[in-house]
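fold the following for me, if possible:
(one chain, ligands or ions: 2)
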Amino acid sequence: MERIGIIGTGSMGSMLVDALIASKALSPSQIIVTNRTHAKAEALAARHPGLIALASNVELAQEAQWLLLCIKPLEYSHVLQELQRVLTPEHLLITITSPIQLEHLQSLVPCPVARVVPSITNAACSGVSLCQFGSRITPESRERILTLFSAISHPIEVPEQYLRVSSDISSCGPAFLSYILRNMIHDAVEETGISAEAASHLAMQMVIGMGELFKKEMFSLASLEQRVCVPGGVTGEGLIALQQGIPGVFRQVYQRTHAKFAEDLELVKIQLQTVPPDSLSSPSSAGSGT
Ligand SMILES: NC(=O)C1=CN([C@@H]2O[C@H](COP(=O)(O)OP(=O)(O)OC[C@H]3O[C@@H](n4cnc5c(N)ncnc54)[C@H](O)[C@@H]3O)[C@@H](O)[C@H]2O)C=CC1
Ligand SMILES: O=C(O)[C@@H]1CCC=N1
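Ligands and ions are numbered 1, 2, ... in the order given. You can find the predicted model right below:
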């Protein structure tokens, strides 16, 4: 594996660096990073001796052929304008964000592009990453991308039309479930007087235990629910309350995420108009992802 350049060492960029090094998929000396606030990139370099923090994205692209863009959607136009004069067909751009169409990204650069949407669960070398490949990606680089991310996740190829909902479940899901669990804990404290610490401990251990059950493929969600819900027991009583409040809530969640996604896609499209199309690209050479 050649060197990989990571642009943006915020929450996801630094998580990916930490996980790729912890899993030994990459050594620190194979990673070069930049960040808008350079001190953050330097902090990452201090944590991983051998990793290089550069001050310029242009310099980074001159030093590394694989570039992982760990920036937010509205930061793309600025970064692409910077990179345009140094990108070559030998580079490979991997975006970790959803609201930028791969075909559009590919039309602005001379190199292959791919998408790998991570999840905070990848910090524990677990969970999935969602992959899509532009039309210039060769079978060999596709395999190499999948191999790299399989060190920290289960990479899954997703079709364009299900990218948003897949990311809602795998990437936003940890926040959604944490919110539900925090409510479970809060109401336990309010209703019974148990301490927040004790209730949190019980809830966390319960989640870890559930993860182990699923890892060992001992249950499906439905069979687990059935096994716990003893006929004539207390779980069924609790479920009655949930059945009154939960159905339909996630439809609203998906409607909101999809509406925001459509808005972001439009904003990014408008912003990217300021980036001139790459002279090597023609509209017909841009892939639509998988
Ligand atoms: N947070 C999450 O769980 C997930 C986030 N994502 C996607 O990852 C992307 C990044 O998210 P976060 O890491 O959470 O955001 P963040 O805001 O923590 O990180 C973005 C980083 O990019 C840096 N940056 C901005 N402009 C730059 C430039 N011109 N050059 C170099 N660095 C620059 C910022 O300084 C910041 O450190 C978002 O698009 C998000 O949709 C995807 C999956 C999960
Ligand atoms: O909240 C967000 O926009 C990102 C995308 C997936 C998870 N977090």
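
number of residues surrounding residue 178?
13 (other C-beta atoms under 10 Å). C-betas here are computed from N, CA, C, even on glycine.

contact partners for it?
Shown in contact with residue 178 (C-beta atoms under 8 Å, 6 or more residues apart in numbering): no residues.

one more: the one 10 residues further on?
Taking C-beta under 8 Å, 6+ apart as the contact definition, residue 188 lies against 194, 199.

what pLDDT is listed against it?
pLDDT recorded at residue 188 is 98.

and it, which helix or strand is it part of?
helix 173-192 (DSSP states H and E).

whichever helix or strand comes after that helix relative to helix 173-192, how many degrees between them?
Where DSSP H and E defines the elements, the next helix or strand beyond helix 173-192 is helix 196-215. Put simply, helix 196-215 runs at 140 degrees to helix 173-192, going by axes from the mean of the first three to the mean of the last three C-alpha atoms, to 10 degrees.

list the contacts of helix 196-215.
177, 181, 184-186, 188-189, 219, 224.

try 10 Å this time
For helix 196-215, contacts defined as C-beta atoms under 10 Å, 6 or more residues apart in numbering pick out 121, 124, 126, 177-178, 180-182, 184-189, 192, 194-195, 218-221, 224, 227.

next helix or strand past that helix?
In N-to-C order, the element after helix 196-215 by DSSP H and E is helix 221-228.

domains in the protein, by residue range?
4-163+275-285, 165-251 (automatic domain parsing).

please work out which of these is packed deepest.
domain 4-163+275-285 (a mean of 18; mean count of other C-beta atoms under 10 Å).

anything in it near ligand 1?
Yes. Interface with ligand 1: domain 4-163+275-285 contributes 7-13, 34-37, 40, 57, 70-73, 75, 78-79, 96-97, 117-120 (C-beta under 6 Å from any ligand atom).

what about residue 258, helix or strand, and which?
According to DSSP H and E, residue 258 maps onto helix 249-272.

give me the angle between that helix and helix 173-192.
Using the same axes, to 10 degrees: helix 249-272 against helix 173-192 is 140 degrees.

is helix 249-272 positioned near ligand 1?
No. For a cut-off given as C-beta under 6 Å from any ligand atom, helix 249-272 has no contacts with ligand 1; the smallest distance is 8.8 Å.

now for that helix, which elements pack on it?
helix 76-83, helix 102-107, helix 163-167, helix 173-192 (3 or more C-beta pairs under 10 Å, 6 or more residues apart in numbering; DSSP states H and E).

closest to ligand 2 out of these?
Smallest distance to ligand 2 across the helices and strands packed on helix 249-272 (C-beta to the nearest ligand atom): 5.2 Å, for helix 163-167.
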